[in-house]
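*Asks:* Take this sequence and fold it.
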Amino acid sequence: MTNITNANTLEGSPAETPSLSQPISKPRRPLWRWPWGYPESMIVVGSALMGGLAAEWWLGPFPPLVWPGSLFAALGLVVIALACWLARRSRLVRFLTSAPLSVALISAMGLVSLLMGLTPQIVPYQPPSEPLGPVARLGLNHLTASWPLAAIYLMTLLALGALVVVRFSSRRPAFMATHLGLWLLLVAAGVGGGDRAREIMLVPEGGLEWRVKRTEGQILEMPLAIRLDDFQLEEYPPRLALINHSTGQPQTTDGQLQLWQIDTLETRGQLGEFDLELLKYLPDAALIGQDEYVRAVPKGLIQAAIIKATHRPTGATYQGWVSTGESFRAPQPLKLGEHLLLTMTRPEPRRYISQVKVFTKEGLEIEDSIEVNHPLKVGAWYIYQRNYDSNAGRASSWSGFELVKDPWLPMANAGLILMSLGSAGLVIRSRGRAK
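*Replies:* The predicted model follows:
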């Protein structure tokens, strides 16, 4: 009896019976056991970042890819993507196309972007002559040209390319369009970054120029020449302001600068305590005598107007010429009492155009006009209107052009178009499912 009782007691004892209130812990999965998850993905991506930092420390900045090296790199990415399709059942390819690796890569890109925002960046980076500090040796002040970013960028391109080819399906056009478009955009921006060129050329009016001067003083001959035949500047009508004659400061109301825009249609207005009336306005004026202006032919360099100002509290009336002046002549104000001057501000540019003729080494001659947001395309180059002599205004004797070449731009545009179409398709599909 004793043995039986002891046996029953042991079998039914509380120490041997599991409690329903205690959670059952799952066994911890060993690291590096297939399939790899988030811990392994973070370790792989973190190792790539650490390897990039080590390469930056010992080798210096990442060298940009230039043609034809950039072309070979892009073709290599295509070949690797196709090879991933052939080996799509392998563990490596399955890991490249997994969600944990995508999350790890996006996190690494976010970390690099955060470092870019926290650390002042030198773009384009030029290694100084003195010994580099730890920040520069690790590439933290030029991350866009660093080995850590290059390592993460390469892994992202490999993973995205493998995902596109392995999961290709005509039944998911929106998914394919967004991912393929993103891959094309990343390839064009990263691999083709070294082929982009941006130069500034200053051309005198009536002169011919084919050289550009870089910031480091280097003179570079361009494959095209620009002749500036004429420069035209269209301006908005000037504005009037009240200036304190004693302090030279403009008069403000509640901290806001008060201005009156000259308008030939609306000739009456108010400025401070004065009622203003525009009696005459010359957008192209020339000074004759002491204080008399006439319309200049063909064009004048200054603007002038006859203004009648009436002080509302006292009824005092003042009338006379007000002008903007020019580079060698001071503006002419209208004195309003003992302490105030009515002055005319310099007009703001509305549109400036350069009439040019472009010559190329191939013998091509193109005669056209260039203005802001309306560049001229000559071969692989886009010529933009950049600036002019703002001090001289309409009398500017030169025009500045920005010459931009990006042979990978069509590929980037194709990527953007595919991403837009794919995103639109995903939105339409989600709305259809919601209904």
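*Asks:* switch to C-alpha atoms for all contacts and neighbour counts from now on
*Replies:* Fine.
*Asks:* On the three-state scheme, the nearest residue to L376 once chain neighbours are set aside is what?
*Replies:* Distances taken as Cα to Cα, 6 or more residues apart in numbering place I383 nearest to L376, at 5.1 Å, with adjacent residues excluded. Put simply, I383 is strand when judged by DSSP: H, G, I helix; E, B strand; the rest coil.
*Asks:* please renumber so the chain begins at 29
*Replies:* Sure, I'll start counting at 29 from here, so that last one is I411.
*Asks:* what's across from I411 in the sheet?
*Replies:* Beta-bridge partners of I411, counted by DSSP bridges, are L404, L431.
*Asks:* Near it, how many other residues are there?
*Replies:* I411: 23 surrounding residues under other Cα atoms under 10 Å.
*Asks:* Now do the same contact list for it.
*Replies:* Listed by Cα atoms under 8 Å, 6 or more residues apart in numbering, the contact partners of I411 are I398, P403, L404, K405, F429, E430, L431, V432.
*Asks:* for T345, same thing?
*Replies:* T345 neighbours (Cα under 8 Å, 6+ apart): K336, A337, T338, H339.
*Asks:* tally of neighbours for G189?
*Replies:* So G189, with other Cα under 10 Å, has 26 neighbours.
*Asks:* what residues does the helix or strand harbouring it touch?
*Replies:* G189 is located in helix 175-194, with elements delineated by DSSP states H and E. For helix 175-194, the external contacting residues (Cα under 8 Å, 6+ apart) are 73, 76-81, 83-84, 89-90, 105-106, 108-110, 112-113, 116, 121, 124-125, 130, 133, 136-137, 140, 167, 171, 204, 207-208, 211, 214-215, 218.
*Asks:* Contacts only, for L261.
*Replies:* P377, R378, R379, Y380, I381, G421, R422.
*Asks:* repeat that with 10 Å
*Replies:* P377, R378, R379, Y380, I381, S382, Y416, G421, R422, A423, S424 (Cα atoms under 10 Å, 6 or more residues apart in numbering).
*Asks:* same deal with P159?
*Replies:* Contacts for P159 (Cα under 10 Å, 6+ apart) come out as R165.
*Asks:* secondary structure class for it?
*Replies:* coil.
*Asks:* Leaving aside the residues adjacent along the chain, what's closest to Q286?
*Replies:* Leaving aside its chain neighbours, Q286 sits nearest to T280 (5.6 Å; criterion: Cα to Cα, 6+ apart).
*Asks:* Could you check how far that neighbour is from L214?
*Replies:* To L214, T280 is 51 Å away according to Cα to Cα, to the nearest Å.
*Asks:* which of these two has more neighbours?
*Replies:* L214 (20 against 14).
*Asks:* What's the separation between the more buried one and G161?
*Replies:* Separation of L214 from G161 (Cα to Cα): 31 Å.
*Asks:* Can you show me the strands along the stretch 179-328 of the chain?
*Replies:* Using DSSP state E, counting those that start in this stretch, the strands of the stretch 179-328 of the chain run over residues 225-232, 236-241, 247-263, 267-272, 280-281, 284-285, 287-289, 296-299, 302-316, 320-323.
*Asks:* got these as CSV, with mean pLDDT columns?
*Replies:* Below are the strands of the stretch 179-328 of the chain laid out as CSV (pLDDT from 0 to 100):
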stretch, mean pLDDT
strand 225-232, 95
strand 236-241, 94
strand 247-263, 94
strand 267-272, 93
strand 280-281, 78
strand 284-285, 82
strand 287-289, 92
strand 296-299, 93
strand 302-316, 91
strand 320-323, 88
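*Asks:* Quick one: those strands as a markdown table, columns for distance to M439 too.
*Replies:* What follows is the strands of the stretch 179-328 of the chain, written out as a markdown table (distance: least, Cα to Cα, whole Å):
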| stretch | distance to M439 |
| --- | --- |
| strand 225-232 | 16 |
| strand 236-241 | 28 |
| strand 247-263 | 24 |
| strand 267-272 | 47 |
| strand 280-281 | 53 |
| strand 284-285 | 48 |
| strand 287-289 | 47 |
| strand 296-299 | 55 |
| strand 302-316 | 47 |
| strand 320-323 | 53 |
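*Asks:* Please identify which of those is closest to V386.
*Replies:* Closest approach to V386 among the strands of the stretch 179-328 of the chain is made by strand 247-263 (4.6 Å; Cα to Cα).
*Asks:* That concludes my questions; thank you for your assistance.
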